[in-house]
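Asker: here is the input, now give the coordinates:
(2 chains)
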Amino acid sequence: MFQKEQQLIEEKIKEFCKANDIALAELKWQPIPFAGEWGFATSFFQTAANEAKLGKGSKLPVPQKAQEIAEQVKGILRLDAQDGSVDGISHIEAVKGYLNVYFKTSDYARRVVDEVLASGLNFGRGAAKHEKVMVEYAQPNTHHSFHIGHARNTLLGEVLARLVEFAGFETIRASYPGDLGLGVITVMWIYDKKYKGQEPEGIHERGQWLAKLYVEATAMLEKKEGETPEESAKREEYEAERREMYRKWDAGDEYVRNLWHVTREWSLDELRDVLKMLDVKIDVWFYESEVDEPSKAIVDELIAKDIATDERPTGGAVIVKIDEKLGLTKEKYRTNVILRSDGTTLYLTKDLALAKVKFEQYHVDRSIYVVDTRQSMHFQQAFAILKLWGFPQSEKCFHLGYGFVSLPEGAMSARRGRLVLFKDVADEAVKRVLAVETEKSADIPAEEREKIAYQIGMGALTYSMLSVDNNKDIVFDVNEALSFDGRTGPYIQNAYVRANSILKKSKVEGQTSDLRLSTFDYELTKHEIELIEQISRFPQTVEQAALEYRPLVMASYAYDLANTFHSFYHAVNVMQTEDEGTRNGRLRLVAAAKQTIENALRLLDIQSPDVM
RNA sequence: GCCUUCGUAGCUCAGUGGAUUAGAGCGCUUGCUUGCGGAGCAAUAGGUCGCAGGUUCGAGUCCUGCCGAGGGCACCA
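Answerer: Reported below is the predicted structural model:
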């Protein structure tokens, strides 16, 4: 925001150092980390260290030397500032080896608030990056149900997509459901055997029913301790039936394929509804079943290019000796199979084929995979093979791994049906918020309450998933996830509601342009200064979160911003401000804060309710 | 054995090269509602940043080793 002034000062420092033969190190600017006033700062420690190494100048310890340089620089800058050549700067200080350049508060406040209100929903949006990013997430298996672990995956992916999109990248959202394999066949087998023709009412009931069938089927097929010969025979008979169904599916048997299509659609109906609940709009659907057959073609290509080794003639598989092909002497990526000896494909085969499609058909420059951290080896191998294959994009492939979500009683298990379903948690969230609403917000019409309860409840759940760094495991506790106090989604939403409430009361909602004359030339309190400071950091936070692929950076920022607003709210009473100019300035500041909170929440896939 | 993630307050977690005194939330203790909605604010207590070396003017942050925990290592996904 003050690049011009910063540049000017930088020039003067360089001139000074050149004239005085000081080996100036690179100037790194940062905001002054003290509350109450703002500006930018740089240190001279590196420069002082350089001088010491060269044995030049006074033999002071580095910190003192840095301070000496800072003071000298301050000396020359002050003269210029008094000449009026550095606009918008109030004063300059040399403290502990740092040069602090302070802004004129009224100028700074006006610039920040003006920019936010002029940009609105686009405040913080980055300039076009001219690169295409594809984020792959929401890859649950069909014929199961969407649980809380899938929710973490989907929210991380969606927020990442929103971040890179807002930061200026052209963004494609991709989903890759696993719709084939033994788990899928198992559900179809028991359905066909025991429940043919049945179909529960309701999208979620029907999807969840499939997950229950899987549990039942697994129990029927699992070997038990001390089973009788009759039981063993029964179990083996079931197993044979399941194998036969898999064979028929593979052979394209019409009946089995039809059964598969119908039941798969039940799962996808449920998935699509969950995504709608999470406000996620997927652009491209890659089904595992659709990339399976085409992926076999790339195996031949990799053999022809001498990247893969065909050991089928000796009864083996098709493998890639990754380390050897890369010329590595120490084992790192090792060797992996890309085609089984029986000619069927693997996870890796399909991911390689899919990557090719992403690069060649979708022209993706950066490819991000939001997948469980346990698969990091798989992705390292896949990216290494893509590099061997000659795709320069392999350098910009990124696996956003995340720790798995478990329950206080242990890991979730689809086989045993020990799952916490997303839909159940969402319903519980709404129930809990409604209970609070009824108590605290009796004035809100009943028909509105349900909608608000959903926004708040999902805000709590979503924030709880995003406020932990992605590489950490989460032990899911409903009471923690749906907490409304402290560092939570509702806390941030409440800051938005309060800002909204002030604006509504002051009747300037939607016509803040009438306050354009406010110039912030009154003495700002430290709470106002901190709020403006926090707001001004939003654009760089967007940039950082997007380039580092870290939703947590934005989640932390949103909390800090809300926290600063809540403090401001208590310390400064806007409506009771007597001086009209001051009150108008504060109203504009509240409008800017409201806008920034809304923009931050939107990036976090959390809604901003007007009242709560 | 090799690779990888991690070890910060009683608990859950931020902070990953620079600024007094390492920060939040929960929990504990205590104030604040005749004020724009208290899902809030303010204050107090609580830390040899796993251990030991090293690099650096400067290390919770980088490097090495050790201890402890999780995850992964060719025909599952």
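
Asker: which parts of the stretch 101-250 of chain A sit against RNA strand B?
Answerer: A:141, A:178, A:181-182 (Cβ under 7 Å from any atom of the strand). C-beta coordinates here come from the backbone N, C-alpha and C atoms, glycine included.

Asker: of those, which belong to helices?
Answerer: Residues of these located in helices (DSSP state H): A:Leu182.

Asker: outline the domain layout of chain A.
Answerer: Per the record, chain A has its domains at A:3-103, A:132-285+A:346-398, A:422-603, by automatic domain parsing.

Asker: lowest average pLDDT across the ones you listed?
Answerer: Ranked by mean pLDDT, these end with domain A:3-103 at the bottom, a mean of 77.

Asker: which SS class is the residue in the stretch 451-600 of chain A that RNA strand B sits nearest to?
Answerer: Residue of the stretch 451-600 of chain A nearest RNA strand B, by Cβ to the nearest atom of the strand: A:Gly486 (2.1 Å). Three-state call for A:Gly486 (DSSP: H, G, I helix; E, B strand; the rest coil): coil.

Asker: so how far is A:Glu225 from A:Asn471?
Answerer: Distance of A:Asn471 to A:Glu225, computed by Cβ to Cβ, to the nearest Å: 38 Å.

Asker: these two: which has the busier surroundings?
Answerer: Using other Cβ atoms under 10 Å, the more surrounded residue of A:Asn471 and A:Glu225 is A:Asn471, with 12 against 4.

Asker: in three-state terms, label the more buried one for me.
Answerer: Here A:Asn471 takes the coil state, with states given by three-state DSSP.

Asker: contacts only, for it.
Answerer: A:373, A:401-403 (Cβ atoms under 8 Å, 6 or more residues apart in numbering).

Asker: outside of stretch A:210-226, which residues touch it?
Answerer: With Cβ under 8 Å, 6+ apart as the test, stretch A:210-226 has contacts from A:143-145, A:183, A:186-187, A:189-191, A:195, A:231-232, A:235, A:238-239, A:242, A:263, A:266-267, A:414-417, A:419.

Asker: quick check on these: which are buried?
Answerer: Buried subset of these (neighbour count, 16 or more other Cβ atoms under 10 Å): A:143-145, A:183, A:186-187, A:189-191, A:235, A:238, A:242, A:263, A:266-267, A:414, A:419.

Asker: where do the strands sit along chain A?
Answerer: Using DSSP state E, the strands of chain A run over residues A:30-31, A:39-43, A:89-95, A:98-103, A:132-136, A:170-175, A:284-285, A:309-310, A:318-321, A:335-339, A:366-372, A:397-402, A:405-406, A:474-475.

Asker: columns distance to A:Val215 on top of these, output as TSV?
Answerer: As requested, the strands of chain A are arranged in TSV below (distance: least, Cβ to Cβ, whole Å):
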stretch	distance to A:Val215
strand A:30-31	55
strand A:39-43	60
strand A:89-95	66
strand A:98-103	63
strand A:132-136	29
strand A:170-175	25
strand A:284-285	27
strand A:309-310	41
strand A:318-321	36
strand A:335-339	31
strand A:366-372	21
strand A:397-402	26
strand A:405-406	18
strand A:474-475	22
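
Asker: correct me, but A:Arg235 touches A:Glu227?
Answerer: Yes. In this structure A:Arg235 lies within contact range of A:Glu227 using Cβ atoms under 8 Å: 7.2 Å.

Asker: enumerate the residues of the stretch 501-612 of chain A near RNA strand B.
Answerer: A:501-502, A:505, A:552-553, A:556, A:559, A:563, A:566-567, A:569-576, A:611-612.

Asker: which of those count as buried?
Answerer: Among those, those scoring as buried are A:501-502, A:552-553, A:556, A:559, A:563, A:569, A:572, A:574, A:612 (criterion: 16+ other Cβ under 10 Å).

Asker: so of those residues, which ones are in helices?
Answerer: Counting by DSSP H, those contribute A:501-502, A:552-553, A:556, A:559, A:563, A:569 to helices.

Asker: endpoints of stretch A:274-291, how far apart?
Answerer: End-to-end distance of stretch A:274-291 (Cα to Cα, to the nearest Å): 24 Å.

Asker: likewise stretch A:267-285?
Answerer: Termini of stretch A:267-285 sit 14 Å apart (Cα to Cα).

Asker: what's next to it, contact-wise?
Answerer: With contacts defined as Cβ under 8 Å, 6+ apart, stretch A:267-285 is touched by A:134, A:138, A:140, A:142-146, A:151, A:154-155, A:158, A:172-177, A:179, A:203-204, A:206-208, A:210, A:362, A:422-423, A:426, A:458, A:462, A:605, A:607.

Asker: restricted to helices, list the residues you listed.
Answerer: Among the contacts of stretch A:267-285, the members falling in helices (DSSP H) are A:151, A:154-155, A:158, A:203-204, A:206-208, A:210, A:422-423, A:426, A:458, A:462.

Asker: so what's A:Ser171 up against?
Answerer: You called it Ser, but residue A:171 is Thr. A:132-135, A:161, A:164-165.

Asker: one more: A:Asp192?
Answerer: Counted by Cβ under 8 Å, 6+ apart, A:Asp192 has contacts A:245, A:259.

Asker: and for A:Asp300?
Answerer: A:Asp300 touches nothing, counting by Cβ under 8 Å, 6+ apart.

Asker: how near is it to RNA strand B?
Answerer: Note on A:Asp300: its distance to RNA strand B, by Cβ to the nearest atom of the strand, to the nearest Å, is 16 Å.

Asker: just A:Ser43 next, same as before
Answerer: 6 Å.

Asker: quick check: that residue touching A:Pro63?
Answerer: No. Contact criterion Cβ under 8 Å: A:Ser43 and A:Pro63 do not qualify, at 9.9 Å.

Asker: give me the number of residues near the residue nearest to A:Gln380 when sequence neighbours are not counted?
Answerer: Closest residue to A:Gln380 apart from its sequence neighbours, by Cβ to Cβ, 6 or more residues apart in numbering: A:Tyr333 at 6.0 Å. For A:Tyr333, the count of nearby residues is 21 (other Cβ under 10 Å).

Asker: re earlier: quick check: the two most widely separated of the contacts of A:Thr171?
Answerer: Pairwise distances across the contacts of A:Thr171 (Cβ to Cβ) peak at 12.4 Å, for the pair A:Lys132 and A:Ala161.

Asker: more crowded one of the two?
Answerer: A:Ala161 (28 against 17).

Asker: quick one: that one and RNA strand B, what's the gap?
Answerer: Distance of A:Ala161 to RNA strand B, computed by Cβ to the nearest atom of the strand: 20 Å.

Asker: which single residue of the stretch 151-300 of chain A approaches RNA strand B most closely?
Answerer: Per Cβ to the nearest atom of the strand, the residue of the stretch 151-300 of chain A with the smallest distance to RNA strand B is A:Gly178, at 4.5 Å.

Asker: neighbours of that residue, how many?
Answerer: Other residues near A:Gly178 come to 18 when the count uses other Cβ under 10 Å.

Asker: just checking, which of the contacts of stretch A:210-226 belong to helices?
Answerer: A:183, A:186-187, A:189-190, A:231-232, A:235, A:238-239, A:242, A:263, A:266-267.

Asker: adding distance to A:Ser106, write those residues out as TSV.
Answerer: Below are these laid out as TSV (distance: Cβ to Cβ, whole Å):
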residue	distance to A:Ser106
A:Gly183	65
A:Thr186	70
A:Val187	67
A:Trp189	74
A:Ile190	73
A:Glu231	84
A:Ser232	85
A:Arg235	81
A:Tyr238	79
A:Glu239	79
A:Arg242	76
A:Thr263	66
A:Trp266	62
A:Ser267	59
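
Asker: partners of A:Leu407 in the sheet?
Answerer: Taking DSSP bridges, one finds A:Gly410 as the beta-bridge partners of A:Leu407.
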